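**Student:** Can you look at this prediction? I've put the sequence above it.
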Amino acid sequence: MFQKVLIANRGEIALRVIRACRELGIQTVAVYSEADRESLHVRFADDDVCIGPPPGRESYLRIPRIIAAAEITGADAIHPGYGFLAENAEFAETCAASNITFIGPTAEQIRVMGDKAAARKAMADVQVPIVPGTPGPVEDADEALEFARGIGFPVIIKAAAGGGGKGMRVAKDADDFARSFQLARSEALSAFGNGDVYVEKYLTRPRHIEFQILGDKHGNIMHLGERDCSVQRRHQKLIEEAPSPAVTDDLRARMGGDAVKGAKAIDYVGAGTIEMLLDEDGSYYFMEMNTRIQVEHPVTEMLYGVDLVKEQIRVAAGERLSITELPPRRGHVIEVRVNAEDPARNFQPSPGRIEVYHTPGGPGVRLDSHVYAGYTVPPYYDSLIAKLICQGRDRQECMRRMQMSLESFIIEGVTTTIPFLARVMQNKRFQSGDVDTKFLERESELLKEPA
Ligand code: MV4
């Protein structure tokens, strides 16, 4: 097992990883930017190193500084958290070259899944269903249009180097196509320096269902069920839950089996997520694989009683997965993301000092957060200030606990998404489980505070 783990991240996930290390008896090193001096991850770690000015580009994304911090403090492994360097193949390679274990998959696995066209091909090769579309990147607009006519409109043009919604364009018909194609291509080129795009049939009302995967270095790969992340806004997830109201035991077995088959195709090691689209007719398709621990991992942890971060650390150290079978589910779990943002103003960030902070609690309630009364939310990073996760015997009890918890969660000084999330819990459509990726477009009155 490792002696000392450096956490190349900040905020709640840095604290989450420190907790896992403590439980495993591993020393921790925090790195921080000049904006994060007063952060709890710095206080709670055994050792800490300042790695630069506030902007991520000059601190949390600077590979040489993070490697140097690990070398100076004698860390033998690095946990990247999510975001920042978590899916950076070059970083994973640099760690290996410096004799530091990267707690995550191999650089090669990150690279394959980072290329969305290559990932599609890898899945298709092992008969995991993919959305009908081009087998790889398309050469030019004519070839792409021919393909689009073949599969039928609407289609979606996606950047091979994209993901998470960047570099995507929908084309309703052939007239629309040429313009959408050029836009997707130039957007891909400027955002990623790679203009490769591919074409897929566009599903109009899919659910976003993702499967949690765990793999070790002994060839064991398993899934830990799904999370339904359909409630999103501009590709930012707002609410995640499990089990999905749309997934039956039979569907879970089939989708989960395919998720494992896909992960096995690349001998996946560590925690990962297979994202799928579930269509209204019950068909499902591979969309992307995320090669990191995700923001919403606590949903799975609470539902199945596993510690995914500890599993990540164990398998990186060469140990076997501590479980080989899916444990029994514990009712239902919902997570909401509490952001310092104003839903009525297009989710504009609301950084500033938290003056009052009172947190919810009680049975089945978990709060993952790095903030406290007197903490100043800096403007430089994402605006996640807390993840509130509630469990109940069934979805009904779970939603009631969430509603109650949101009502007793008091944050003053910054505007938060708490009142908006409480309104979603009261929404009829949400309550009936009738959500898809266009839920908030349809229920846009939820964004405004009622008079
Ligand atoms: C799609 C799609 C419909 N059809 N692909 C969004 C994020 C990126 N990873 C892929 N995305 C989508 N791909 C096909 N063929 C709809 C989306 C999509 C979406 C997916 C999941 C959750 C929210 C979404 C919001 C808009 C579009």
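**Tutor:** Structure's in. What do you need? These numbers were taken from a predicted model, which means no experiment stands behind them.
**Student:** element containing residue 204?
**Tutor:** For residue 204, there is no enclosing helix or strand under DSSP states H and E.
**Student:** give the contact list for the residue nearest to it when sequence neighbours are not counted.
**Tutor:** Nearest residue to residue 204 in three dimensions, chain neighbours excluded: residue 154, at 7.2 Å (CB to CB, 6 or more residues apart in numbering). Where C-beta positions appear, they are placed from N, C-alpha and C, glycine not excepted. Residue 154 makes contact with 170-173, 201-202, 204 under the criterion CB atoms under 8 Å, 6 or more residues apart in numbering.
**Student:** any idea how far residue 154 lies from the ligand?
**Tutor:** 9 Å (CB to the nearest ligand atom, to the nearest Å).
**Student:** One more: residue 178?
**Tutor:** Residue 178 is 19 Å from the ligand, by CB to the nearest ligand atom.
**Student:** how close does residue 192 sit to residue 80?
**Tutor:** Going from residue 192 to residue 80 by CB to CB, to the nearest Å gives 20 Å.
**Student:** So for the two, which residue has more residues nearby?
**Tutor:** residue 80 (26 against 17; other CB atoms under 10 Å).
**Student:** hang on, the earlier thing: show me which of the contacts of residue 154 is closest to the ligand.
**Tutor:** Nearest to the ligand among the contacts of residue 154: residue 202, at 4.5 Å, using CB to the nearest ligand atom.
**Student:** quick one: residue 210 is in a strand?
**Tutor:** Yes. Counting by DSSP: H, G, I helix; E, B strand; the rest coil, residue 210 is found in a strand.
**Student:** if I pick it, what's in contact with it?
**Tutor:** Residue 210 touches 226-227, 229, 273-276, 290, 294, counting by CB under 8 Å, 6+ apart.
**Student:** Return the subset of those residues lying in strands.
**Tutor:** 226-227, 229, 273-276, 290 (DSSP state E).
**Student:** Turn those into TSV, columns for neighbour count, distance to residue 241 and pLDDT.
**Tutor:** Below are these laid out as TSV (neighbours: other CB atoms under 10 Å; distance: CB to CB, whole Å; pLDDT from 0 to 100):
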residue	neighbour count	distance to residue 241	pLDDT
226	29	10	98
227	27	7	98
229	26	8	97
273	25	15	98
274	29	17	98
275	20	15	98
276	26	16	98
290	20	18	97
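**Student:** For the stretch 251-400 of the chain, which segments count as strands?
**Tutor:** Taking DSSP state E, counting those that start in this stretch as the test, the strands found in the stretch 251-400 of the chain are 270-278, 284-290, 332-339, 341-342, 348-349, 352-353, 356-358, 365-369, 376-377, 384-392.
**Student:** Kindly provide the whole-number mean pLDDT of the third one.
**Tutor:** In this case it means strand 332-339. Taken as a whole, strand 332-339 carries a mean pLDDT of 98.
**Student:** Which strands or helices does that strand pack on?
**Tutor:** strand 236-242, helix 297-304, strand 384-392, helix 395-407, helix 418-426 (3 or more CB pairs under 8 Å, 6 or more residues apart in numbering; DSSP states H and E).
**Student:** So which of the ones you listed is nearest the ligand?
**Tutor:** strand 236-242 (7.9 Å).
**Student:** So which residues on the stretch 251-400 of the chain come close to the ligand?
**Tutor:** 277, 287-288 (CB under 6 Å from any ligand atom).
**Student:** For these, give me JSON lines that also has neighbour count.
**Tutor:** Shown next, in JSON lines, are these (neighbours: other CB atoms under 10 Å):
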{"residue": "277", "neighbour count": "20"}
{"residue": "287", "neighbour count": "23"}
{"residue": "288", "neighbour count": "21"}
